[in-house]
Structures are given as C-alpha cells and as structure tokens.
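J.: how would this look folded up:
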Amino acid sequence: MIDATAIIMTKNEEKNIVDCLKSMEGFAKRCVVIDCGSTDKTVELAKENGADVFFHEFEYYAKQFNWGIDNCDIDTEWIIRLDADERFPAELNAEIETLIAENKDKPMNGITIEADFFFLNRCMKHGPRNKRKMMMFKRSCGRIEDRRRDAHSVISEGFSASAKHRFLHYDFKNLDNYIKRYNWYATREMQDYIDFTRGASTDIKTDKAILAQRKKKFGLYYKAPKFFRAWAWFLYNYIFRLGFLDGKEGLVFCFLECYWYRLLVDAKIYEYEKCGGEFEKLKAID
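T.: Numbers count the residues shown, from 1 in each chain. So this is what the prediction gives:
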C-alpha cells in the first residue's frame, strides 16, 4: 500500500463506482468521493466500499477536484486522480509501488499513465485511443490546471515518470449518456477556446507528451478552418491511424469522437462568435 489518497468525483455513478473503488483496495490508503447530487445509489455504494464521501456543488472538473484537495483533509504524500469509470489493475499498482520506491530520493512528483479505452465493450487498439494522463502527483506540488475542459494535472517542480502498464477506462453507461456528456463537454471546450483567443496561456508543467499534444491542438488543429478540421481529424484517425481495424465499434467511436464532437465544438464556437453573449453558468451534467 502506498501513502496516497484517490479523489473520485461522482454524479449518478452507481454502475461504475464499486469496481473503481475495489481497484484501489490494498493500494491507496484512502479514497475520497466528492459527489454533487447523485439521485441513484452512488453515495450509498461508495460508503459501503470504504470511501469518505463529501458533497460539493459542481462548476467544472478542475475547480471541483482542487476543492477536494483543499477541503477533504488530505494528508497523504500522493494524490490519485481517478474517474469513476477508471480502474487500476493489479499489475499497474505493483509497478507504481516499485516506481515510488526506486525514486524515493529523487524529485519524482508525478506519474503519467495511458489507458486501455473500452467503447461498446471493445478495447480500442487504433485511432484516437491514446488517453494519457498524469494520474498521480504529490500533494505538496500538484494541482489540476484551472480550465473548464481538457484540464491536466500540473506539478510546480520536479519531474513525472511514465508507467508501462495501463489503467482501464471502462464506462458501463450507454450511448445516450455518451451523447449527453459530450454535448456538455463541447460547451466547456468552446469556452476554453474563446479564452485562448483572448490570450489565455496553454503552457503547462506536466508530462512532455501531454504538453506536445496540447501544443498541436492549439498550434495546429485550431488554426485550420472551422468545420473542415473536424472532417480532417476524423479521416486522419479512421484511415491513417487505422481506426477502421476496430470494426463497427471503431467506426462509431471515431465518428463520434473525431467528427461529431469536434464539429459540435466548432458549431458552438461559430454560434458564440455570431451571436455573442456570455458564457452559461457552469453546472454538473444531469
């Protein structure tokens, strides 16, 4: 077991929360669930499985997570950033314990992990499957950057190491939930893009691969013409990154993730630029 607290934010996650918490058993010293108004059995199941549960009204992910760091009596050396639909397999836990022991006297302040991402019960092997996050950082120097969408973990000093084993991103919810959630994401991404056009910085001290990905997004993708770039991103991932090899599931995933979602973001940017107005009040997805 390592000296770590896993922070998990929830709303109506009864299908995911138990497996998520079980993956922390014997690994993390403590699990904290920050709920923002679940109407299912999420809170009950979290408590039954040993988590400390707090309530806090949701605005956006980064603000909610950082509230948890500051207000949930976190006293462990490490913090684990975990979503309810994510799990740490045993071999990953063992590798992380070794990494921490081997770097005990070095300024290793973050650990970055890639995901095995499941969509429609199939693990995506091609296309835009590389979900990479700094999922662990030391409490003394780590936070989540203050962004409404695509908010990464950041450390103020030291370096991050990369784990070889992967975590599992396995959401048991259906496509209705996926569409609703990504519509919610698109609004927040539009707001971050508008902030970027107004001069907001995109620089972050994090994993080098994550930083390179961020630079490509704002330095290349968003410089391409609206609407066209969504088609280009879909074709790149489905054809050139071999998304078609993941079968029907790969087609649906690439279309929704790379074309539909990206086109929706562009449409919301276009709407904002054409119609003006203020950003909506941020709140949790229902």
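J.: Can you find the helix or strand in the chain with the smallest mean pLDDT?
T.: None of the helices or strands of the chain scores lower by mean pLDDT, DSSP states H and E than helix 208-219, at a mean of 83.
J.: My read is that residue 32 contacts residue 10, right?
T.: No: in this structure, residue 32 is not within contact of residue 10 by C-beta atoms under 8 Å, at 10.7 Å. Every residue, glycine included, has its C-beta placed from N, CA and C.
J.: gap between the nearest residue to residue 214 once chain neighbours are set aside and residue 62?
T.: The shortest distance from residue 214 to any non-neighbouring residue, by C-beta to C-beta, 6 or more residues apart in numbering, is to residue 202 (5.6 Å). To residue 62, residue 202 is 14 Å away according to C-beta to C-beta, to the nearest Å.
J.: Settle it for me: which of those two has more neighbours?
T.: In this view residue 202 and residue 62 are compared by other C-beta atoms under 10 Å, and residue 62 has more residues nearby, 19 against 16.
J.: Show the model's pLDDT score for the more buried one.
T.: Looking at residue 62, its pLDDT stands at 93.
J.: and it, what does it touch?
T.: By C-beta atoms under 8 Å, 6 or more residues apart in numbering, the contact set of residue 62 is 144-148, 151.
J.: which element is it on?
T.: helix 61-71 (DSSP states H and E).
J.: What is whichever strand or helix holds residue 4 packed up against?
T.: Here residue 4 sits within strand 2-10, counting by DSSP H and E. With contacts defined as 3 or more C-beta pairs under 8 Å, 6 or more residues apart in numbering; DSSP states H and E, the packing partners of strand 2-10 are helix 17-22, strand 28-35, helix 42-48, helix 61-71, strand 78-83, helix 90-102.
J.: how far out from the middle of the chain is that strand?
T.: How far strand 2-10 lies from its chain's middle: 14 Å, per C-alpha atoms, centre = their mean, to the nearest Å.
J.: Flag every buried residue along it.
T.: For strand 2-10, the neighbour count (16 or more other C-beta atoms under 10 Å) marks 2, 4-10 as buried.
J.: Next SSE downstream of the longest strand anywhere in the chain?
T.: Assignment by DSSP state E gives strand 108-119 as the longest strand of the chain. Downstream of strand 108-119, the first helix or strand assigned by DSSP H and E is strand 122-123.
J.: who does the one helix or strand residue 272 maps to touch, helix- and strand-wise?
T.: Per DSSP H and E, residue 272 falls inside helix 261-275. Helix 261-275 is packed against helix 175-197, helix 228-235, with contacts defined by 3+ C-beta pairs under 8 Å, 6+ apart.
J.: Could you export those helices as TSV, including distance to residue 44 and mean pLDDT?
T.: As requested, the helices and strands packed on helix 261-275 are arranged in TSV below (distance: least, C-beta to C-beta, whole Å; pLDDT from 0 to 100):
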stretch	distance to residue 44	mean pLDDT
helix 175-197	20	91
helix 228-235	41	97
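J.: Can you lay out those helices as a markdown table showing mean neighbour count?
T.: Formatted as a markdown table, the helices and strands packed on helix 261-275 follow (neighbours: other C-beta atoms under 10 Å):
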| stretch | mean neighbour count |
| --- | --- |
| helix 175-197 | 16 |
| helix 228-235 | 17 |
